[in-house]
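J.: would you be able to build a 3D model of this:
(2 chains)
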Amino acid sequence: MQEFSPSTLLVLVPLLPLVGAILTVMLGRTLGAKAHLPAIAGIAAAAAVAVMLLAATARDVSPAHGPHAEAVRPVEMISTLWKWASFDAAYTPPEGSPATDARLTPRDLAASQDVRSFSIPVALRLDPLTATMLTIITCVGLLVAIYSTGYMHDDPGYPRFFALVAMFVFSMSMLVAASNFLLVYVFWEAVGACSYLLIGFWFTKPEAARAAKKAFLVNRVGDFGLAIAVFLLWMSYGTLDFHDTISPDGVIMPGILGQTRLADAAGYAGGAVGTAICLLLLLAACGKSAQLPLHVWLPDAMEGPTPASALIHAATMVTAGIYLITRSAPLFAACPGALTMVSIVGATTALVAALIGTVQNDLKRVLAYSTISQLGYMFASLGTGTLLGFTAAIFHLLTHACFKALLFLGAGSVMHAMGGVIDMRRFGGLRRVMPITAATFFVGAAALAGVAPFAGFFSKDEILAALHAKGWPAAHGDHHAMAVAGGPFHLAAFSTDATHATATAPAVGLDALDRPETWQILFWMSLVTAGLTAFYTFRAVFMTFTGPTRVPEGAHGHGGHDGHESYESPASMTWPLMILAVPSALVGWLLFSTNWLAHFLSATPSLTAPTVAATATPHVFHMDLAIQGTLAAAIGIVIAAIGHLGRRSDGPQLERFLGPLQTLFANKFYFDQIYSVFIVRPLEALALVAALFDRYVIDGTVDAIAGLPVALGGIVRRSQSGLLQRYALAGVMGVLAIVVLLAWQLRG
Amino acid sequence: MNGFSPATHLLLVIATPLIGAVVAWVLGGRGRSAVRQSAAVTAVITLVNAGWLVLRYLQSPEAATGGGYAVSSAPWLVGGVFDVRLSLGLDGLSIWLFGLSALLSLTAVLVSWDAIKEKPVGFYVLLLLLEAAMLGVFAARDVILFYVFFEFTLVPLFFLIGIWGHDERRRAAVKFFIYTLTGSVLAFLGLLTIVLWNASHTGVITFDIASLTAGMAAHPMPMSREGGWLQMIVFLALFAGFAVKVPIVPFHTWLPLAHVEAPTGGSVDLAGVLLKIGIYGFLRFSLPMLPDATAAAAPWLFGLGVVGILYGALVALVQTDLKRLIAYSSVSHMGYIVMGLFALEPVAVEGANLQLINHGLSAAGLFALVGMIYERFHTRSIANLGGIATKAPWLTVLFMLFTFSSIGLPGLNGFVGEFLILAGSFQRAWAGVAESFRVPYLIMAVSAVGGVVLGAWYMLWAVERVFFGGSREPPRQGAAGHDHGHGGHSHDAHDHHAGGHHSAGQEGHADRCDLEWYEIAALAPLAVFVLWIGLAPATFLAPPAAVLRASTRGATTAFNASMRAIDTGDSPPQPAHVTDRVVGHDHRASRQPRLLTSELTLDRP
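T.: Coordinates of the predicted model:
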């Protein structure tokens, strides 16, 4: 074909938004109200390219033969751009680490404990997971950018906003396309910086500035985990590349997630080091994906412009944690304890965030807690460590990106129309004055609540199935599932810990968590969460869109067709809503009935690891689980209807029946206060002590020792009366003399 | 291809600021603007020339090996036992610091453009003298010239602080002077001892650094009780000089005071270049010449580096003065460099060396910007500043850039150095220390990573308070007649800047106070390098790599040997792993126990 090669196209996906961002910065002032053009053009082109890449990758995935897709060939393509840094003879891998395993290094590169070079290329990759993520990022990014032309219309920072959005799309694309843990770390922080700048977009608002700082700092705690994980990975595997690399002399260096290592069931560190790496990756994921205990930044991030919330804090950036864990699936698969922790964190977060969500009155905050909760679902799914669990998480990521972006943009539409008011108690019955927003919001809500046949129903059902299979392996009658639950896939992994070098199956205390009882509890927690989700979602729908029509003062409507004053948002905002409503309604059923996504994703190299691929189960619809999930959702919706359908949203609330629990939920389980009392204040006190110590002890000692100051002070005084200039001249002459002397010698 | 030899070129670069100083002095009668223009022209010529020289170096065959380039040498006292020559030249270790000095000198001149109103002649003469001294320190190839230039950096800065500084300038100047003078006198004694020890073994009194390094490798100083721990004593003497300069906690208290009181131009040179001389000294003298003492001290200095990171960050957290906060951030950042250097791990050392440049760029940029803020609002108090983003968007953008660089945001330069330092330190902690050292080392390495969180905390806190939020008009301290004309009308904090920064332009002249051309010119080159190093660090890591390996090889070998000895329960190793050092056997091999016996060839009489 004459057209671009895939590797060129792959580079274009991040490059085009980057160019858009740079042009927006350069031309922003000139373009004025058209400052969105370069950014939107860049993102739109990137979206087109991403879809092409998705199609190209899909062509490469071997078609499914029969119900079992076990013989999936990994599909990947690497494009190396330039060398970031390289060091010769940089380190010696510790004895016993996977990096020194002769079987993994065909030409005895690592057969002995030898000196190794270390190089970090800037390399991008394309595989089913990356292609899926790129498509989500660029498509949602495009719709959000178009929406923003309406939403941000009169903002004085208009060009700045689009430059940041385009910059974010660039960074996020790089994050999911990077083929190296260091690059992942680079863009992990880069998206955090974009998020910081967008949360603090209205920087004159002190709350926004504070929320931005908080988001960055909490994320930094997660980054701390990622940094250490990267260092440990480097030491355990001798590289940070995902893919295999071939040195100039033909030696294959197995990448951490390269096919050489993946083909070997024992290629991954288990035991203490492996578990430590996985838990640190989990910490990083908790930061970015707002999971307990690092979730506190996300609700505050709602101070940013709503489109930014939709794009970054709902649809894309916060899913980076899901991406990271899926990408690292083989690492986790070697550490059942760490995997179980992923599910425990996820299910707990899902439940806690849902409980907090039930009493929020700020529409955006309801959605923010819902995001945290849904991300928790995905974590719970990932933690099962089964192919179903991983693909279900990405499936839910996809549907969630559609319906949560839709809901956020809908909330933004409401906020835009209500003159910046977002407290649900101050408006109501908006379905009459904002029909498009109301209808599309309802679609999104139904998808979120898991109402069949909307998108969320199917993806949530898959997650419940993945959890159920771990809790009741026998009931699924599937030997793979039983094998997983039985635990024999602690495949004799390496222990980098010298003291455990002889152990074949290093036991870590955490591994004891991986038992059916745990999974049963997690399943029930997730089911309860499903009910709560339906409740708070429809509570928000009923409060906002039903009951008597009320709008806050300061909201300006415009003439409608039917006598009512209309508050509906401009077309640039409603079109993205309507477009997003389509996948929110349909994509779940489409992808579930064809099983396309799961099959496609299973060709991702990380998911072809034997430890993961062996857990493949036939694609079936679990009617019993679907009934349970639907029942939970129905109960939630009914309770919400009892409490709020058709009532004034500022009336007495149903939640008052919760009593002290309501206080607990409304105060968000006191996480902020606990952090303040136990971490921030003590550190500040320590800082104060350090400052006083510095001033009085260290500096005091110095002052006491130095008795000379008085004498020397005289020099300064005298220097001001002419001595200075003489001194300076003398200095100049002296040094000049040296230089001249040298110059003279040079001639001679 | 070039008309004149590199050696002449180097001399010309160092002579230019001196000639410029004379010109500025002569022009003194014509008023401030003539003086500052001549200083700027001098700094630009020097920078262009230095930049050209750096490029010539990078294309020269010496660049591959890191060897001496543009060497010129003048016999001073040659004959008999004396072989004393004055010698200048560049190599892989000094090349970037040399370029940085030229770059930041221009920044220092430009940030003083409007700030220095009194006695401009003396100020610019001293600033140019300081530039020559900084260039000279990094070009010196013998101990005498090194020491002369080393002292010469001290004196101009003493006067710059003492005369053009702020309220407590005298105290600051005196403290700075005493601290660094005490240190450098001790360092000089240490260097003299090295010269004499070398002479007593080779029979030639030479001050040439390369000869001394070779001599010390062939005849290491004793590092045992019988030998009187001579090597350690000399190491400590050098340490006194260099540690104060860096500064390593707890020898740092002169730094915040000096920075707060110094004029902006002085702060830029101080933070950007002068602090680097300490680390440069360690790399030039302590590590290659005193490897066994370095190895013995390494765990302690590694630890002091980590303490510096956390301590500097914590103290920065409660500062109320923006300049003081950045001064303490320098203490914290220099902690990373000390840690990386004494990890004695190739990746960490290369990271530390790169971080010298990175810190030079970001700290100089931040100090320059704080100076600009002070020019505009006449306060540096974080509590009294606020909402600057509305009034000076470009100033804010640049401050954010240097802040992000300083807190190690990937894509910018600070990240590269920080990452390499921490990666190397982990490598050392994980696989390069004795069993009993492993846990302490790991704790230190993890704590250092924790410092990254603290670093973001204090910097972003300051950014939030100073640049974001509602506009705060600082209380006027006799500002009635100052240049920028913040008139007498008071502003309501809110209707002042309802929108983003674009509306600020309509607020009238009194409020709009963004960067002037000379301020942009001062900062733009730094910003370019911040991005360049961040995106393609390999370009900057390669030139010093070979010299760094050579300088640290002895210390690394000694350290590895001592760690292995602890593990195997042997007596502590004696100095003189001569085969290893002379033959250039890769030090890494020495970690393999089977090489243990063949390697330790004692040649001490």
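
J.: okay, now the unreliable bits of the stretch 201-350 of chain A?
T.: By pLDDT under 70, the low-scoring segments of the stretch 201-350 of chain A are A:247-251, A:265.

J.: tell me the residues of it that contact chain B?
T.: Neighbours of chain B within the stretch 201-350 of chain A, by Cβ under 8 Å from any Cβ of the partner chain: A:201-206, A:208-210, A:212-213, A:216-217, A:220-221, A:223-224, A:227-228, A:230-232, A:234-235. C-beta coordinates here come from the backbone N, C-alpha and C atoms, glycine included.

J.: strands of chain A, start to end?
T.: Ranges of strands in chain A, per DSSP state E, are A:77-91, A:116-126, A:245-246, A:252-253, A:558-559, A:565-566.

J.: and these, which one's lowest on average pLDDT?
T.: Among these, strand A:558-559 carries the lowest mean pLDDT, at a mean of 64.

J.: right, and A:Phe454 touches A:Ala585 too?
T.: Yes. A:Phe454 is in contact with A:Ala585 according to Cβ atoms under 8 Å; the separation is 5.5 Å.

J.: which neighbours do the two share?
T.: Here A:Phe454 and A:Ala585 share the contacting residues A:443, A:446-447, scored by Cβ atoms under 8 Å, 6 or more residues apart in numbering or on different chains.

J.: tell me how chain A divides into domains.
T.: What automatic domain parsing lists as the domains of chain A is A:6-62+A:125-245+A:253-666, A:82-119, A:668-706, A:713-748.

J.: any idea which of the ones you listed is most buried?
T.: Most buried of the domains of chain A by mean neighbour count (mean count of other Cβ atoms under 10 Å in any protein chain shown) is domain A:6-62+A:125-245+A:253-666; its value is a mean of 23.

J.: need the contact list for the spatially closest residue to A:Ala320 that is not a sequence neighbour.
T.: Leaving aside its sequence neighbours, A:Ala320 sits nearest to A:Lys288 (Cβ to Cβ, 6 or more residues apart in numbering or on different chains; 4.6 Å). Counting by Cβ under 8 Å, 6+ apart, A:Lys288 touches A:188, A:191-192, A:219, A:222, A:317-318, A:320-321, A:324.

J.: if we go to 10 Å?
T.: A:175, A:188-189, A:191-192, A:195, A:218-219, A:222-223, A:226, A:294, A:297, A:317-324, A:375 (Cβ atoms under 10 Å, 6 or more residues apart in numbering or on different chains).

J.: can you check A:Ile312 too?
T.: Counting by Cβ under 10 Å, 6+ apart, A:Ile312 touches A:141, A:144, A:164-165, A:168-169, A:172, A:191-192, A:194-195, A:198-199, A:215, A:301, A:304, A:318.

J.: which members of these are positioned in helices?
T.: Among the contacts of A:Ile312, DSSP state H puts A:141, A:144, A:164-165, A:168-169, A:172, A:191-192, A:194-195, A:198-199, A:215 in helices.

J.: one step back: quick one: closest of the strands of chain A to B:Ser332.
T.: Evaluated over the strands of chain A, closeness to B:Ser332 peaks at strand A:77-91, with 23.6 Å, by Cβ to Cβ.

J.: please list all residues in contact with the spatially most central residue of chain B.
T.: Residue closest to the average C-alpha location in chain B (Cα atoms, centre = their mean): B:Lys276, at 2.2 Å. Contacts for B:Lys276 were tallied using Cβ under 10 Å, 6+ apart; they are B:96-97, B:100-101, B:134, B:137-138, B:245-246, B:334, B:337, B:353, B:355-357, B:359-360.

J.: switch to 6 Å and redo it
T.: B:97, B:356 (Cβ atoms under 6 Å, 6 or more residues apart in numbering or on different chains).

J.: okay, it and chain A: tell me how far apart.
T.: Applying Cβ to the nearest Cβ, to the nearest Å, the value for B:Lys276 to chain A is 20 Å.

J.: quick check: that residue vs B:Ser5, distance?
T.: From B:Lys276 across to B:Ser5, the span is 28 Å (Cβ to Cβ, to the nearest Å).

J.: do the same with B:Ala448
T.: Noted for B:Ala448: a distance of 45 Å to B:Ser5, by Cβ to Cβ.

J.: ok, those two, which is more surrounded?
T.: Between B:Ala448 and B:Ser5, B:Ala448 has the larger neighbour count (other Cβ atoms under 10 Å in any protein chain shown), namely 26 against 12.

J.: for that one, helix, strand, or coil?
T.: Applying DSSP: H, G, I helix; E, B strand; the rest coil to B:Ala448 yields a three-state assignment of helix.

J.: quick check: pLDDT value at it.
T.: 91.

J.: wait, doesn't it sit right on B:Val306?
T.: Yes. With contact defined as Cβ atoms under 6 Å, B:Ala448 counts as touching B:Val306 (5.1 Å).

J.: report the set of residues contacting both of the two.
T.: Residues touching both B:Ala448 and B:Val306 by Cβ under 6 Å, 6+ apart: B:Met339.

J.: sorry, back to before: within the helices and strands, which one has the residue nearest to the centre of chain B?
T.: Using DSSP states H and E, B:Lys276 maps to helix B:275-281.

J.: now the helix or strand following that helix: buried residues?
T.: Toward the C-terminal end, the helix or strand that comes next after helix B:275-281 (DSSP H and E) is helix B:287-289. Buried positions in helix B:287-289, judged by neighbour count with 16 or more other Cβ atoms under 10 Å in any protein chain shown: B:287-289.

J.: ditto for stretch B:271-282
T.: So for stretch B:271-282, counting by 16+ other Cβ under 10 Å, buried means B:271-282.

J.: up against chain A, what does the stretch 351-500 of chain B have?
T.: Contact residues (Cβ under 6 Å from any Cβ of the partner chain) of the stretch 351-500 of chain B with chain A: B:389, B:409-411, B:423, B:426-427, B:430-431, B:449, B:453, B:456-457, B:460, B:464, B:468-469, B:497, B:499-500.
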